[in-house]
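J.: the sequence and its predicted three-dimensional model are supplied below.
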Amino acid sequence: MTEKSPGALPGNGLKVYLASPLGFSPENDHYREKVKKRLNQLHCTVFDPWEQEEVGRRIQEALGIADGVERACAIKEAASFTGQVNADGIRAADLVLAVLDGTEPDSGTVAEVGFAAGIGKKCFGLRTDFRDCGDLPGLPLNLQLLHFIEYSGGGLFRSIAAIKF
């Protein structure tokens with residue numbers, strides 16, 4: 001169990017890191033906004049990695065470089081910067097909520113859950129997809145991912161409306 005961080009705003013509830021692959025396509029923006037709306041209803045402060053402007057700027061700048069070697073170096077630097085921003089966001093959060101829909105949860109989202117659980121953050125998953133994708137019949141998720149969510153003191157929500165901390 002993680003205690004509320006000293007930086008949590010009084011009266012504003014918990015700081016939540018929203019881990020998801022939902023920013024890769026603008027078609028997912030509505031779904032991401034619905035999740036954030038629910039978190040706001042719970043008076044949570046949300047850190048959404050997809051809203052980090054400097055991250056987006058650096059990635060776009062690197063992708064705009066034509067030269068192969070220079071482009072590869074710039075992409076590596078932008079990726080390292082992104083990883084550090086996200087790791088700092090997880091460290092500053094009270095808990096992580098990971099969107100785990102799809103046939104297989106996104107590898108970056110799963111990595112964020114593993115990192116967060118490893119540093120003692122409570123982790124929750126949101127899987128609205130009715131299909132199971134676990135290693136064994138009846139498991140909604142990969143057994144290791146489910147273990148780290150439960151081990152951290154968190155749990156799995158099957159709808160946005162069910163989210164509560």
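T.: On my side now, so go ahead.
J.: got phi/psi on residue 114?
T.: phi -60, psi -40 (degrees, to the nearest 10).
J.: got the contact list for the spatially closest residue to it that is not a sequence neighbour?
T.: Leaving aside its sequence neighbours, residue 114 sits nearest to residue 148 (Cβ to Cβ, 6 or more residues apart in numbering; 6.0 Å). Using the backbone N, CA and C atoms, a C-beta is placed for each residue, glycine as well. Applying Cβ atoms under 8 Å, 6 or more residues apart in numbering, we find residue 148 in contact with 113, 114, 117, 123.
J.: which one among those gets closest to residue 46?
T.: Comparing these against residue 46 with Cβ to Cβ places residue 123 closest, at 15.3 Å.
J.: which strands border the helix or strand encompassing that closest one, and is each parallel or antiparallel?
T.: Using DSSP states H and E, residue 123 sits within strand 122-126. Here strand 122-126 is paired, per DSSP bridges, with strand 95-99 (parallel), strand 156-157 (parallel).
J.: can you turn the buried part of the contacts of residue 148 into a PyMOL selection?
T.: Entered in PyMOL, the line below selects the buried ones among those, by 16 or more other Cβ atoms under 10 Å:
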select buried, resi 113+117+123
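J.: and the furthest pair within the contacts of residue 148?
T.: Among these, 114 and 123 lie farthest apart (Cβ to Cβ), at 8.9 Å.
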